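Undergrad: kindly return the folded structure for what I paste below:
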Amino acid sequence: MDKSALLRGVPYGVIVAALCTAAFGCQGDPVEEEEECQTNEEFFLRQVWGPVLSTTCVGCHNAQGQARDTDLVLVPDSQPGFIELNMGTLEQLSRVQIDGEPLILIKPIGGADHGGGIQLAEGSQEIAALTELVDRFEAPVQCGSSSQADFFAGVHNLDELETYRQATLVLAGRLPTPEEETLILENPGNGLEAAMDGLLREEAFYRWLQINFNDRLLTDQYVPNDDAIDLVDDDEFPNARWFEELEEGVDDPALIEAASRWTNVSVAREPLDLITHVVRNDRPFSEILTADYRLVNGLTARVWGVADQVEFDDPLDPAELREVSLAGYPAAGLLTQPMFLNRFPTTDTNRNRHRSRMVYQLFLATDVLKLADRPVDPSQIEDFNPTMYNPACTVCHSVVDPVAGAFQNWDAQGRFRPPEEGWYTDMRPPGFGESTIPHDERSESLEWLADRIVHDRRFALAAIHHMYRALTGQDPLAAPSDIEAPDYDTRLAAYDAQREVFDEIIEQYYEDDENLKTVIKGIVFSPYFRAVSVDARAEARIGELADLGTARLLSPELLDRKIQAITGFPWQDSRGNSYLNGEYEIFYGGIDSRNVVERITAPNGVIANIAQRMAVEMSCLSVPQEFTMRPEDRVLFPFVEPSYVPEDVNGFEIEQAEFAIRQNIQYLHEHVLGERLTLGDPEIERTYQLWYQTWLEGSQALAVQQEGYSADLPWNCRAVNDYYSGDALPEEDQVYRDSNYSIRAWMAVLTYMLSDFEFMHQ
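TA: Got it, this is the predicted structure:
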């Protein structure tokens, strides 16, 4: 943008006065800028970590460095919570003094026999920053207002109605109702939150939740065939295949049909059902790991041999769940569920380390493979037991191995099998962090571990990270580590702002008794979900703001639901199978939880072709079907009829018809694309011209009976039967002719909109 354009038309005297006020206050003396307030965490990140610790100290003072045996061991910025952890270490050491001087200020300048010698010059800016940090430990700085306001200045967000529209499409696959829109408009602020509270109680939301948690757990691998039942030990649970004993002609046919599929699906999805069970009942999210029960329905109660312990209103309903205990099987939420344990297996040599890594990744927002700052050189590992004694190995194994030991009672098949001779003595003892599992609690080691995990702040952060990915399609920002990089300051500012937002959500999460819905609302209400543009104030900081808002390719599941929400019809084959949840799911970037476990997030040629086919086929289907309905029942064309054309046969304008066509185009822009445009907007004119040129060309071709043009619609676009029942429509309601080409003009418009970037992306 030409910045000078912003000043055109402003009187010269006003500009001079503004500059005078900004620089000198018009008093002749410069006005000192008020120093930006920084919290202790911001000060540490900007003034201490980047310029001092990460460049000078962490090279030795890390878990595998030369100073690993000292009291100052820093964690890398790749570890979540590194700010709080390192600040805690420094605060403890700041209390150690020699002659009244903190030891952490003496060592860097070469005092107190510092093994690293002189690292910082006495009186340098680095020492000044460390000194101020020590002072801040004694007197923490509280800023009157959050720096978020400054960071997000110039960012334009979706308004409340637009925010809720986007939230309903993502979370429930529908559009807001008129009642919800009224609630939001009449109650600014409170109305949006109330509407969100209702949205987060809908069944469609819980299905969305399961889809997104399966992206992490991948337990839907076991949904096909009998894959989940095959993992159940028949000796321990002899009734696992109870459905094979049913006999046609003897047993209830409905029972046979339900048993043949839903028993396996229910066993496979028990981890996902537990998550939705906790969220549905507004329980602390930590219960996904601390639950001392198993969930069963009328089908799986037979599998686990507890059918006589629980009653069901409908034993064939897989969604009716009850909490039960399995005798002889300790329960620690997801950690002890067979599908979780099988999806993340172990071997005799792996010794549960894979399971430990996944626990850190899924529930502690920590990638243990990034704990080592440099690659391990195998040629330098000569120790008898390197995972215990070689620093190149212990940096990860000191974290991974204790948690691996907590899984000691569960074998490779996910069965409860405590080792007769105890855990391996050539590994660190089972535990978590600095704590070791007491010997008398070894039989309940995963319950002990779960309790420690959920009381770790990183558990809440992991929940935020997962919901952030699910809602925005982006990964959370990581702290930049290369202080010499040209974009270091930009990335640091972006990371710090996101960290503040996440910290606020965490605090609210704890205040609301660890309710995951609080996390979802916090992200939806933030600029990371709502931002759409920036003004001149923020243009210079576009790099810092790059991660605001959403612009991701919709997943096949989200697009499938959006198509039906917008058009009123599903995109499916002649047998009623969804294209995007079936034949095209993998091609469109989906996963199968087995061989394809990462989603495609950037469009490719195949995805573009599928999108184009969808737009054409859905226009062919929905436009004629719409015109079989009364105007008040339509979702796409409430203002027009097929007979509405902008000109008569002589070429004279029909003003009322043209106005209605433009009005419906304006409506479609809002309904399909979420764009609120005035009738005079250039975009409305462009869309009208698409409609007009299509209609004009087609109607003229029909008038001269040009080859290739017919007054009849293609057979697959005709609406002669009710879409859902298949019953023939009354003759007067059927739509199979398009004698003035207006229906096909509307098909062209809808095809354009359904293939538009705004429709295909969030």
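
Undergrad: what sits against the closest residue to Leu274 other than its chain neighbours?
TA: Closest residue in space to Leu274, ignoring its immediate chain neighbours: Leu295 at 5.6 Å, by CB to CB, 6 or more residues apart in numbering. Every C-beta, even on glycine, is put in place using the N, C-alpha and C of the backbone. Leu295 makes contacts with Glu270, Asp273, Leu274, His277, Leu321, Arg322, Glu323, Val324, as judged by CB atoms under 8 Å, 6 or more residues apart in numbering.

Undergrad: please report how far Leu295 lies from Arg541.
TA: 48 Å (CB to CB, to the nearest Å).

Undergrad: restricted to helices, list the contacts of Leu295.
TA: Under the assignment DSSP state H, the contacts of Leu295 contribute Glu270, Asp273, Leu274, His277 to helices.

Undergrad: for the single longest helix found in the chain, packing partners?
TA: Longest helix of the chain, by residue count under DSSP H: helix 488-511. If contacts are counted by 3 or more CB pairs under 8 Å, 6 or more residues apart in numbering; DSSP states H and E, helix 488-511 sits against helix 148-151, helix 457-472, helix 516-524.

Undergrad: so which elements touch the second one?
TA: Using 3+ CB pairs under 8 Å, 6+ apart as the contact criterion, the neighbours of helix 457-472 among helices and strands are helix 203-217, helix 353-363, helix 488-511, helix 516-524, helix 527-530.

Undergrad: I figured Gly549 hits Val534, correct?
TA: No - with contact defined as CB atoms under 8 Å, Gly549 does not count as touching Val534 (9.8 Å).

Undergrad: doesn't the residue nearest to Leu274 lie inside a helix?
TA: No - assessed with DSSP: H, G, I helix; E, B strand; the rest coil, Leu295 is strand; it does not lie in a helix.

Undergrad: which strand residues bridge it?
TA: Glu323 (DSSP bridges).

Undergrad: got any ranges where the stretch 301-450 of the chain has weak pLDDT?
TA: 372-384, 386, 388-392 (pLDDT under 70).

Undergrad: and for the chain?
TA: 1-35, 64, 144-147, 372-384, 386, 388-392.

Undergrad: can you map out the strands along it?
TA: For the chain, the strands defined by DSSP state E cover 97-98, 101-102, 155-157, 294-296, 322-324, 431-432, 435-436, 531-534.

Undergrad: excluding chain neighbours, what is closest to Leu548?
TA: Ala531 (3.7 Å).

Undergrad: quick one: residues contacting the one you found.
TA: Val155, His156, Asn157, Leu158, Leu545, Leu548, Gly549.

Undergrad: which residues does it bridge with?
TA: Asn157.

Undergrad: gap between it and Gly568?
TA: 30 Å.

Undergrad: the nearest residue to Tyr329 once chain neighbours are set aside: neighbouring residues, count only.
TA: Excluding its sequence neighbours, the residue lying closest to Tyr329 (CB to CB, 6+ apart) is Phe416, at 5.4 Å. Around Phe416 sit 17 other residues, with neighbours defined as other CB atoms under 10 Å.

Undergrad: thought Phe416 was touching Trp410?
TA: Yes - if you go by CB under 8 Å, Phe416 and Trp410 touch, sitting 6.2 Å apart.

Undergrad: okay, and the common contacts of the two?
TA: In contact with both Phe416 and Trp410: Thr336, using CB under 8 Å, 6+ apart.

Undergrad: mind checking how far the residue positioned nearest the centre of the chain is from Leu364?
TA: Central residue of the chain (CA atoms, centre = their mean): Ala470, 1.6 Å from the mean position. Per CB to CB, Ala470 is found 18 Å from Leu364.

Undergrad: against Pro430, how distant is His439?
TA: From His439 over to Pro430 (counting by CB to CB), the distance is 10 Å.

Undergrad: okay, these two: which has more neighbours?
TA: Pro430 (27 against 10).

Undergrad: tally of neighbours for the residue lying closest to that one once chain neighbours are set aside?
TA: Counting by CB to CB, 6+ apart, Pro430 lies nearest to Gly405, which is 2.9 Å off, once chain neighbours are set aside. Residues near Gly405, counting by other CB under 10 Å, number 25.

Undergrad: i'd like the first residue to be 540 from this point on
TA: Understood, numbering begins at 540; the last thing we discussed is Gly944.

Undergrad: wait, Gly944 sits on Asp965?
TA: No - using CB under 8 Å, Gly944 is not in contact with Asp965; the gap is 11.5 Å.

Undergrad: for the residue lying closest to Ala1141 once chain neighbours are set aside, list the residues it contacts.
TA: Once flanking residues are discounted, Ala1141 sits nearest to Leu1092: 6.8 Å by CB to CB, 6+ apart. By CB under 8 Å, 6+ apart, the contact list for Leu1092 reads Gly1012, Gly1128, Ile1139, Thr1140, Ala1141, Pro1142, Ile1146, Met1299, His1300.

Undergrad: so what does the fifth one have for phi and psi?
TA: When you say that, I think you mean Ala1141. phi -120, psi 130 (degrees, to the nearest 10).

Undergrad: residue contacts, the residue nearest to Pro969?
TA: By CB under 8 Å, 6+ apart, the neighbours of Gly944 are Asn891, Trp962, Tyr963, Met966, Arg967, Pro968, Pro969, Gly970, Ile976, Ser984.
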